[in-house]
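A.B. asks: My questions concern the predicted model and sequence given below.
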Amino acid sequence: MKFKYFKHIDLLFHVLAHIHVNNASDLFSQKYIDTIQKEKHLGDIDLSNEVKPLEQYYNNNFERLAMINFFPFYSNNLNELKQILLSYDEFNKDDIHEFIIPFVNLLEREAIFYFDHWESKYKIIYDRRKIVESQTERMLKKYQCIFSYFNKSALVYFSISITRNGRGFNGIKNNFSAVVPFPTKQHDIQNSFFTLLHEYTHQFTDQLLNTNINMQDGSHNMSENIVMLFDYYLIKAVHSTDIEAYINWLSKISGNDDVKISETEFLAIFNVPDEINKDILNLLDTILLL
């Protein structure tokens, strides 16, 4: 298990926190923006205004441009990230000129403020990192069956700027890889863990849909339900005392943190076709039997 922290990765999510997105990937947070504004000084760029010309194009072409959420993890610094963004061959000419070039320029300009800001925050959490990493590792070890079955390790990117949920991604050697918010408070560690487990699970349950998953045709929502159900069944089988906390976490991230949901209600909300439910249970049985 490895834990990583990168300021150029957090820079990208810092910028995305200022952009409204009309789907479930939205990271916009006025609370985060207000906090950042207090840290800025005269001469720092007004990021909220700077991103506005890019917002509509990003939304209109989201299915292509969504890749920017994952490119940082295949780079070691801002210069490498810029090269990936500018050379990705699935972006068309309009994408490059209308969004990518202005976005890259914005990253470079905002980095002048953000990198110093990040270094300051990183120092603050430095001592807490050992506690968070140790507890995260302990919680993940409960679900060792997943890593054993797929013969993969856990790669955890903790972010101080991603505002909600996380991002999971494939392709980094033999790892399940994901970025999740760094839990600054003790009671947030379990929520961060559930987010991490959720993002890892996507990396082997999305194939159950046997289609290219996107926001427009409903396949993304279905993939989310599949993950939520798989993790529910997994937690119930491996560490059932976490079920209540898991359901409470789902209520919280859906904006219903004051609402108590029973297991019966949970299964009614996050339902999938019977055939897919059968596939989920078969996959879980196979993993548990290893």
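C.D. replies: Yep, that arrived.

A.B. asks: Would you map the strands across the stretch 51-200 of the chain?
C.D. replies: Here the stretch 51-200 of the chain has its strands, by DSSP state E, counting those that start in this stretch, at 153-159, 167-169, 175-181.

A.B. asks: Quick check: which of these is nearest to residue 130?
C.D. replies: Comparison of the strands of the stretch 51-200 of the chain against residue 130 by C-beta to C-beta identifies strand 153-159 as nearest, at 12.3 Å. Just so you know, the C-beta spots here come from the backbone N, C-alpha and C atoms, and that holds for glycine as well.

A.B. asks: Could you list the buried residues of stretch 89-97?
C.D. replies: 91, 95-96 (16 or more other C-beta atoms under 10 Å).

A.B. asks: Make CSV from the residues you listed and add pLDDT to it.
C.D. replies: Formatted as CSV, those follow (pLDDT from 0 to 100):
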residue, pLDDT
91, 98
95, 98
96, 98
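
A.B. asks: quick one: low-confidence parts of the stretch 151-290 of the chain?
C.D. replies: Applying pLDDT under 70 to the stretch 151-290 of the chain flags residues 255-258.

A.B. asks: what's around the closest residue in space to residue 100 that isn't next to it in sequence, how many residues?
C.D. replies: Nearest residue to residue 100, sequence neighbours excluded (C-beta to C-beta, 6 or more residues apart in numbering): residue 85, at 5.5 Å. Neighbour count of residue 85, defined by other C-beta atoms under 10 Å: 22.

A.B. asks: Now do the same contact list for residue 85.
C.D. replies: Neighbouring residues of residue 85 by C-beta atoms under 8 Å, 6 or more residues apart in numbering: 68, 71, 100, 103-104.

A.B. asks: Same list (these) but as JSON lines, adding pLDDT and neighbour count.
C.D. replies: Compiled in JSON lines, the contacts of residue 85 are given as follows (pLDDT from 0 to 100; neighbours: other C-beta atoms under 10 Å):
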{"residue": "68", "pLDDT": "98", "neighbour count": "22"}
{"residue": "71", "pLDDT": "96", "neighbour count": "18"}
{"residue": "100", "pLDDT": "98", "neighbour count": "20"}
{"residue": "103", "pLDDT": "98", "neighbour count": "23"}
{"residue": "104", "pLDDT": "98", "neighbour count": "18"}
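
A.B. asks: Identify, from these, the entry nearest to residue 140.
C.D. replies: residue 71 (25.7 Å).

A.B. asks: State the distance from residue 165 to residue 131.
C.D. replies: The spacing between residue 165 and residue 131, counted by C-beta to C-beta, to the nearest Å, is 23 Å.

A.B. asks: The two - which one has more neighbours?
C.D. replies: Ranked by neighbour count (other C-beta under 10 Å), residue 165 and residue 131 place residue 165 first, with 17 against 12.

A.B. asks: which one is that one nearest to, not counting chain neighbours?
C.D. replies: In space, and not counting its chain neighbours, residue 165 is closest to residue 195: 6.4 Å by C-beta to C-beta, 6+ apart.

A.B. asks: Kindly report the same for residue 148.
C.D. replies: residue 290 (6.0 Å).

A.B. asks: Just to check, that neighbour is in contact with residue 146?
C.D. replies: No. Under the criterion of C-beta atoms under 8 Å, residue 290 makes no contact with residue 146, lying 9.7 Å away.
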